[in-house]
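Asker: Attaching a predicted model along with its sequence, questions to come.
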Amino acid sequence: MSAPEAVLGARRTRIKICGLTRPQDIDAAVTAGVDAIGLVFYPPSRRCLALDQAAALRARVPAFVGVTALFVNPDAQLVRGVIDTVHPDLLQFHGEEPPDFCAEFGVRHMKAFRVGAPGLDTAAGLARACVSHGQAAGWLFDSYSAGYGGSGSSFDTALLADVPRGAGVPALILSGGLTAETVGGQIAALKPFAVDVSSGVESAPGIKDPARIRAFVQAVRAADAAPGGFSGGALAG
Ligand SMILES: O=C(O)c1ccccc1NCC(=O)[C@H](O)[C@H](O)COP(=O)(O)O
(Lines give C-alpha, C1' and ligand atoms only; values in the text may rest on other atoms or scores of the structure.)
Protein backbone atom coordinates (compact mmCIF):
# COMPACT_ATOMS: atom_id res chain seq x y z
CA MET A 1 0.00 0.00 0.00
CA SER A 2 1.41 3.41 -0.95
CA ALA A 3 2.05 6.07 1.68
CA PRO A 4 -1.14 8.06 0.89
CA GLU A 5 -3.23 4.93 1.25
CA ALA A 6 -1.43 4.05 4.47
CA VAL A 7 -2.34 7.49 5.76
CA LEU A 8 -5.80 7.76 4.24
CA GLY A 9 -6.72 4.10 4.44
CA ALA A 10 -7.17 1.71 1.56
CA ARG A 11 -9.08 3.08 -1.40
CA ARG A 12 -11.72 0.83 -2.93
CA THR A 13 -13.16 -0.53 -6.17
CA ARG A 14 -16.45 1.23 -6.91
CA ILE A 15 -19.54 -0.91 -7.39
CA LYS A 16 -22.52 -0.37 -9.71
CA ILE A 17 -25.55 -2.65 -9.67
CA CYS A 18 -27.66 -2.41 -12.81
CA GLY A 19 -31.19 -3.30 -13.83
CA LEU A 20 -33.06 -2.62 -10.61
CA THR A 21 -36.85 -2.56 -10.90
CA ARG A 22 -38.18 -2.69 -7.32
CA PRO A 23 -38.02 -0.28 -4.36
CA GLN A 24 -36.86 -3.02 -1.99
CA ASP A 25 -33.94 -3.76 -4.28
CA ILE A 26 -32.87 -0.12 -4.25
CA ASP A 27 -32.92 -0.28 -0.43
CA ALA A 28 -30.94 -3.54 -0.38
CA ALA A 29 -28.26 -2.17 -2.74
CA VAL A 30 -27.90 1.08 -0.80
CA THR A 31 -27.74 -0.76 2.53
CA ALA A 32 -25.07 -3.10 1.13
CA GLY A 33 -22.93 -0.08 0.26
CA VAL A 34 -22.96 0.10 -3.54
CA ASP A 35 -21.79 3.31 -5.19
CA ALA A 36 -24.24 3.45 -8.11
CA ILE A 37 -27.60 2.14 -9.26
CA GLY A 38 -28.32 1.47 -12.94
CA LEU A 39 -31.83 1.93 -14.41
CA VAL A 40 -32.53 0.41 -17.83
CA PHE A 41 -34.43 2.26 -20.60
CA TYR A 42 -34.09 -0.33 -23.37
CA PRO A 43 -37.56 -1.68 -24.24
CA PRO A 44 -36.54 -5.22 -25.24
CA SER A 45 -34.94 -5.72 -21.82
CA ARG A 46 -36.98 -7.42 -19.10
CA ARG A 47 -35.43 -4.82 -16.75
CA CYS A 48 -36.74 -1.86 -18.75
CA LEU A 49 -38.55 0.80 -16.71
CA ALA A 50 -41.32 3.26 -17.49
CA LEU A 51 -40.44 6.86 -16.69
CA ASP A 52 -42.78 7.13 -13.69
CA GLN A 53 -41.50 3.84 -12.29
CA ALA A 54 -37.90 5.00 -12.69
CA ALA A 55 -38.62 8.39 -11.08
CA ALA A 56 -40.07 6.63 -8.02
CA LEU A 57 -37.01 4.39 -7.74
CA ARG A 58 -34.70 7.37 -8.15
CA ALA A 59 -36.45 9.12 -5.28
CA ARG A 60 -35.38 6.30 -2.93
CA VAL A 61 -31.69 6.72 -3.72
CA PRO A 62 -29.92 8.84 -1.06
CA ALA A 63 -27.19 11.41 -1.50
CA PHE A 64 -23.75 10.09 -2.45
CA VAL A 65 -25.19 7.09 -4.32
CA GLY A 66 -25.18 7.69 -8.09
CA VAL A 67 -28.03 6.91 -10.50
CA THR A 68 -27.08 5.82 -14.01
CA ALA A 69 -29.61 5.76 -16.89
CA LEU A 70 -28.86 3.08 -19.46
CA PHE A 71 -29.73 3.23 -23.14
CA VAL A 72 -29.09 1.23 -26.31
CA ASN A 73 -29.06 3.28 -29.51
CA PRO A 74 -31.87 5.53 -28.22
CA ASP A 75 -33.47 8.46 -29.97
CA ALA A 76 -32.58 11.79 -28.40
CA GLN A 77 -36.18 12.33 -27.29
CA LEU A 78 -36.06 9.31 -24.98
CA VAL A 79 -32.77 10.44 -23.47
CA ARG A 80 -34.10 13.94 -22.87
CA GLY A 81 -37.31 12.56 -21.35
CA VAL A 82 -35.31 10.44 -18.90
CA ILE A 83 -33.05 13.36 -18.01
CA ASP A 84 -36.05 15.61 -17.33
CA THR A 85 -38.00 13.00 -15.34
CA VAL A 86 -35.43 10.80 -13.60
CA HIS A 87 -32.51 13.27 -13.26
CA PRO A 88 -29.73 10.69 -13.60
CA ASP A 89 -26.22 11.53 -12.46
CA LEU A 90 -24.72 9.64 -15.40
CA LEU A 91 -25.85 8.32 -18.79
CA GLN A 92 -24.70 4.92 -20.06
CA PHE A 93 -24.76 4.27 -23.79
CA HIS A 94 -24.59 0.54 -24.45
CA GLY A 95 -25.08 0.40 -28.22
CA GLU A 96 -23.24 1.84 -31.22
CA GLU A 97 -23.84 5.50 -30.32
CA PRO A 98 -21.28 7.90 -31.86
CA PRO A 99 -19.22 10.13 -29.55
CA ASP A 100 -21.03 13.37 -30.48
CA PHE A 101 -24.42 11.84 -29.75
CA CYS A 102 -23.28 10.64 -26.31
CA ALA A 103 -21.95 14.10 -25.46
CA GLU A 104 -24.85 16.21 -26.74
CA PHE A 105 -27.08 16.05 -23.66
CA GLY A 106 -24.94 17.98 -21.20
CA VAL A 107 -24.92 15.07 -18.72
CA ARG A 108 -21.76 13.07 -18.03
CA HIS A 109 -21.80 9.66 -19.64
CA MET A 110 -20.19 6.22 -19.78
CA LYS A 111 -19.67 4.44 -23.08
CA ALA A 112 -20.04 0.68 -23.05
CA PHE A 113 -18.01 -1.55 -25.36
CA ARG A 114 -19.25 -5.07 -26.08
CA VAL A 115 -15.99 -6.96 -26.30
CA GLY A 116 -16.01 -9.35 -29.25
CA ALA A 117 -18.44 -7.35 -31.39
CA PRO A 118 -17.26 -6.52 -34.92
CA GLY A 119 -14.39 -4.03 -34.60
CA LEU A 120 -14.14 -4.76 -30.89
CA ASP A 121 -12.72 -8.27 -31.28
CA THR A 122 -9.03 -7.36 -31.15
CA ALA A 123 -7.02 -5.48 -28.50
CA ALA A 124 -6.04 -2.83 -31.05
CA GLY A 125 -9.59 -2.37 -32.34
CA LEU A 126 -10.97 -2.06 -28.84
CA ALA A 127 -8.34 0.54 -27.90
CA ARG A 128 -9.16 2.57 -31.02
CA ALA A 129 -12.86 2.52 -30.16
CA CYS A 130 -12.15 3.67 -26.61
CA VAL A 131 -9.97 6.56 -27.73
CA SER A 132 -12.71 7.76 -30.08
CA HIS A 133 -14.91 8.14 -26.97
CA GLY A 134 -12.40 10.24 -25.04
CA GLN A 135 -15.15 12.55 -23.69
CA ALA A 136 -16.71 9.74 -21.66
CA ALA A 137 -16.37 9.75 -17.87
CA GLY A 138 -15.97 5.98 -18.00
CA TRP A 139 -15.44 3.12 -20.41
CA LEU A 140 -17.53 0.10 -19.46
CA PHE A 141 -16.52 -3.27 -20.89
CA ASP A 142 -19.17 -5.92 -21.31
CA SER A 143 -19.58 -9.19 -23.15
CA TYR A 144 -20.97 -9.34 -26.70
CA SER A 145 -24.48 -10.74 -26.44
CA ALA A 146 -27.55 -10.73 -28.66
CA GLY A 147 -29.55 -8.69 -26.15
CA TYR A 148 -26.82 -6.01 -25.93
CA GLY A 149 -26.23 -6.55 -22.21
CA GLY A 150 -27.42 -7.96 -18.92
CA SER A 151 -26.66 -11.40 -20.31
CA GLY A 152 -24.66 -12.88 -17.44
CA SER A 153 -21.92 -13.85 -19.91
CA SER A 154 -18.25 -12.91 -19.55
CA PHE A 155 -15.54 -12.12 -22.09
CA ASP A 156 -11.80 -12.60 -22.59
CA THR A 157 -10.29 -9.73 -20.60
CA ALA A 158 -6.96 -10.20 -22.41
CA LEU A 159 -8.56 -8.03 -25.11
CA LEU A 160 -8.33 -5.07 -22.71
CA ALA A 161 -4.53 -5.14 -22.93
CA ASP A 162 -4.22 -2.00 -25.07
CA VAL A 163 -6.95 0.07 -23.40
CA PRO A 164 -5.36 3.32 -22.20
CA ARG A 165 -5.29 3.78 -18.45
CA GLY A 166 -4.10 6.48 -16.07
CA ALA A 167 -4.85 9.99 -14.87
CA GLY A 168 -7.00 12.00 -17.26
CA VAL A 169 -8.28 8.86 -19.00
CA PRO A 170 -11.88 7.63 -18.61
CA ALA A 171 -12.25 5.17 -15.74
CA LEU A 172 -12.20 1.47 -16.58
CA ILE A 173 -15.42 -0.26 -15.50
CA LEU A 174 -15.54 -4.04 -15.79
CA SER A 175 -18.79 -5.94 -16.27
CA GLY A 176 -20.08 -9.04 -18.03
CA GLY A 177 -21.10 -12.09 -16.05
CA LEU A 178 -19.48 -11.03 -12.78
CA THR A 179 -20.48 -12.88 -9.60
CA ALA A 180 -19.40 -12.88 -5.96
CA GLU A 181 -17.30 -15.93 -6.87
CA THR A 182 -15.48 -14.35 -9.83
CA VAL A 183 -15.21 -10.62 -9.11
CA GLY A 184 -12.26 -10.95 -6.72
CA GLY A 185 -10.07 -12.63 -9.31
CA GLN A 186 -10.97 -10.00 -11.89
CA ILE A 187 -10.09 -7.18 -9.49
CA ALA A 188 -6.76 -8.83 -8.69
CA ALA A 189 -5.97 -9.27 -12.37
CA LEU A 190 -7.25 -6.02 -13.87
CA LYS A 191 -7.53 -3.50 -11.03
CA PRO A 192 -10.60 -1.84 -12.58
CA PHE A 193 -11.75 1.49 -11.18
CA ALA A 194 -15.23 -0.02 -10.82
CA VAL A 195 -17.20 -3.20 -11.39
CA ASP A 196 -20.75 -3.51 -12.66
CA VAL A 197 -23.16 -6.41 -12.21
CA SER A 198 -26.73 -7.35 -13.00
CA SER A 199 -27.46 -11.08 -13.48
CA GLY A 200 -24.97 -12.18 -10.84
CA VAL A 201 -27.00 -10.59 -8.04
CA GLU A 202 -30.45 -11.67 -9.27
CA SER A 203 -32.90 -14.50 -8.60
CA ALA A 204 -34.64 -13.66 -11.91
CA PRO A 205 -34.20 -10.88 -14.53
CA GLY A 206 -34.84 -7.57 -12.75
CA ILE A 207 -35.36 -9.26 -9.39
CA LYS A 208 -32.32 -8.63 -7.21
CA ASP A 209 -31.41 -10.97 -4.35
CA PRO A 210 -30.29 -9.10 -1.19
CA ALA A 211 -28.03 -11.95 -0.10
CA ARG A 212 -26.31 -12.03 -3.49
CA ILE A 213 -25.89 -8.26 -3.39
CA ARG A 214 -24.26 -8.48 0.03
CA ALA A 215 -22.03 -11.36 -1.07
CA PHE A 216 -20.92 -9.42 -4.16
CA VAL A 217 -20.05 -6.29 -2.17
CA GLN A 218 -18.20 -8.37 0.44
CA ALA A 219 -16.20 -10.11 -2.30
CA VAL A 220 -15.16 -6.74 -3.75
CA ARG A 221 -14.14 -5.44 -0.34
CA ALA A 222 -12.14 -8.60 0.33
CA ALA A 223 -10.33 -8.22 -2.99
CA ASP A 224 -9.48 -4.59 -2.22
CA ALA A 225 -8.14 -5.57 1.19
CA ALA A 226 -5.96 -8.36 -0.21
CA PRO A 227 -2.22 -7.70 -0.70
CA GLY A 228 -1.79 -5.71 -3.93
CA GLY A 229 -5.48 -4.87 -3.95
CA PHE A 230 -7.17 -1.82 -5.44
CA SER A 231 -4.82 0.42 -7.32
CA GLY A 232 -7.44 2.89 -8.55
CA GLY A 233 -7.72 1.55 -12.07
CA ALA A 234 -7.81 4.58 -14.34
CA LEU A 235 -6.34 6.65 -11.53
CA ALA A 236 -3.44 4.31 -11.10
CA GLY A 237 -1.39 5.41 -14.03
O1 LIG B 1 -29.42 -5.13 -17.99
C2 LIG B 1 -29.97 -5.21 -19.10
O3 LIG B 1 -31.07 -5.78 -19.28
C4 LIG B 1 -29.32 -4.59 -20.30
C5 LIG B 1 -29.97 -4.68 -21.53
C6 LIG B 1 -29.38 -4.11 -22.66
C7 LIG B 1 -28.15 -3.44 -22.56
C8 LIG B 1 -27.50 -3.34 -21.34
C9 LIG B 1 -28.07 -3.93 -20.21
N10 LIG B 1 -27.42 -3.88 -18.98
C11 LIG B 1 -26.21 -3.12 -18.91
C12 LIG B 1 -25.36 -3.31 -17.74
O13 LIG B 1 -24.65 -2.39 -17.37
C14 LIG B 1 -25.21 -4.68 -17.13
O15 LIG B 1 -24.90 -4.53 -15.76
C16 LIG B 1 -24.07 -5.38 -17.84
O17 LIG B 1 -24.49 -5.67 -19.16
C18 LIG B 1 -23.65 -6.65 -17.12
O19 LIG B 1 -24.74 -7.52 -17.02
P20 LIG B 1 -24.51 -8.99 -16.37
O21 LIG B 1 -23.59 -9.73 -17.29
O22 LIG B 1 -25.89 -9.57 -16.31
O23 LIG B 1 -23.91 -8.79 -15.01
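Answerer: On my side now, so go ahead. Since we're looking at a predicted model, the values are computed, not measured. Numbers count the residues shown, from 1 in each chain.
Asker: tell me the helices in this structure, going along the chain?
Answerer: 3-8, 23-32, 51-59, 76-86, 99-103, 123-132, 183-190, 210-225 (DSSP state H).
Asker: Can you lay out those as TSV showing mean neighbour count and mean pLDDT?
Answerer: C-betas here are computed from N, CA, C, even on glycine. Formatted as TSV, these follow (neighbours: other Cβ atoms under 10 Å; pLDDT from 0 to 100):
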stretch	mean neighbour count	mean pLDDT
helix 3-8	10	50
helix 23-32	18	98
helix 51-59	16	98
helix 76-86	15	98
helix 99-103	16	98
helix 123-132	16	98
helix 183-190	18	97
helix 210-225	19	97
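Asker: CSV please, covering those helices and showing distance to the ligand.
Answerer: Shown next, in CSV, are those (distance: least, Cβ to the nearest ligand atom, whole Å):
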stretch, distance to the ligand
helix 3-8, 28
helix 23-32, 12
helix 51-59, 14
helix 76-86, 14
helix 99-103, 15
helix 123-132, 16
helix 183-190, 10
helix 210-225, 10
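Asker: Mind putting these into a markdown table with distance to Ser203?
Answerer: Output for the helices of the chain, formatted as a markdown table (distance: least, Cβ to Cβ, whole Å):
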| stretch | distance to Ser203 |
| --- | --- |
| helix 3-8 | 36 |
| helix 23-32 | 10 |
| helix 51-59 | 18 |
| helix 76-86 | 25 |
| helix 99-103 | 33 |
| helix 123-132 | 33 |
| helix 183-190 | 18 |
| helix 210-225 | 8 |
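Asker: Dig out what the residue nearest to the spatial centre of the chain forms beta bridges with.
Answerer: For the chain, Asp196 is the residue whose C-alpha lies nearest the centre (Cα atoms, centre = their mean; 4.0 Å). Asp196 has these beta-bridge partners by DSSP bridges: Lys16.
Asker: That one is in contact with Gly38, isn't it?
Answerer: Yes - counting by Cβ atoms under 8 Å, Asp196 does reach Gly38; the two are 7.2 Å apart.
Asker: re earlier: so who does the residue nearest to the centre of the chain touch?
Answerer: 15-18, 38, 140, 142, 173-175, 178 (Cβ atoms under 8 Å, 6 or more residues apart in numbering).
Asker: Turn these into a markdown table, including neighbour count and pLDDT.
Answerer: Formatted as a markdown table, the contacts of Asp196 follow (neighbours: other Cβ under 10 Å; pLDDT from 0 to 100):
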| residue | neighbour count | pLDDT |
| --- | --- | --- |
| Ile15 | 22 | 98 |
| Lys16 | 24 | 98 |
| Ile17 | 29 | 98 |
| Cys18 | 24 | 98 |
| Gly38 | 29 | 98 |
| Leu140 | 30 | 98 |
| Asp142 | 26 | 98 |
| Ile173 | 25 | 98 |
| Leu174 | 27 | 98 |
| Ser175 | 26 | 98 |
| Leu178 | 25 | 98 |
